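Novice: here is the input, now give the coordinates:
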Amino acid sequence: MFVNRRNVHIEWGDCDPAGIVFYPRYFAIFDASTHALFEAAFPPGTRIFEHYGVLGYPLVNARAEFRIPSVYGDDLMVESHVSEWRNSSFSVEHKLYKGERLALEGFETRVWAAHHPDDPKRIVSRPIPQDLLDRFK
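Specialist: Here you go, the predicted structure:
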C-alpha cells in the first residue's frame, strides 16, 4: 500500500471562535492531501490529468471522525492512502496525528472523470487505468 505523509501547521485562520479548527478546514486538508498523494506517485512535474486525458477525480462523498481537537499552532502529520480501488472510483483514507495521538480520520470517495464525448458540459466516469493502479501498489 502506497502511503503519503505530509505535515500541516494549523494557522489562526483555520480556527473558529472557540479556538479549535473549524471543521470545513479539515475537508480542505483532505483535498490537498489527496492531491499530494497522487503527486507523490508520479515523477515531479508530471501533469497527471493531462497525461491520462481526464478532468480529474471529483469528490462524491466525504466524512470525518473527530477524536481530539486541534488548535492554533498545532502541527499535524497527515497520512493518506487509497483504501479501495473500483472500476471508475476509489476511496481515500486520511489519518491526522497530533504528535502520537490520532486526532481525526477522514474518508473520501472520488470518481475518475472526463468530459462526456457528446456533450463537453457533462462529466462522465472513466475506468481507472491499470498503469495508474500499479503506481499505488
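Novice: residue 102 sits in which helix or strand?
Specialist: strand 101-111 (DSSP states H and E).
Novice: phi, psi of residue 36?
Specialist: phi -60, psi -40 (degrees, to the nearest 10).
Novice: near it, how many other residues are there?
Specialist: Number of residues near residue 36 (other Cβ atoms under 10 Å) recorded here: 15. C-beta coordinates here come from the backbone N, C-alpha and C atoms, glycine included.
Novice: that one and residue 116, how far apart?
Specialist: Separation of residue 36 from residue 116 (Cβ to Cβ, to the nearest Å) stands at 29 Å.
Novice: average pLDDT for the strand holding residue 102?
Specialist: Strand 101-111 carries an average pLDDT of 98.
Novice: grab the most central residue of this structure for me.
Specialist: Central residue of the chain (Cα atoms, centre = their mean): residue 34, 2.3 Å from the mean position.
Novice: for the residue lying closest to that one once chain neighbours are set aside, grab the count of nearby residues.
Specialist: Nearest non-adjacent residue to residue 34, counting by Cβ to Cβ, 6 or more residues apart in numbering: residue 92, 5.2 Å away. Residues lying near residue 92 (other Cβ under 10 Å) number 23.
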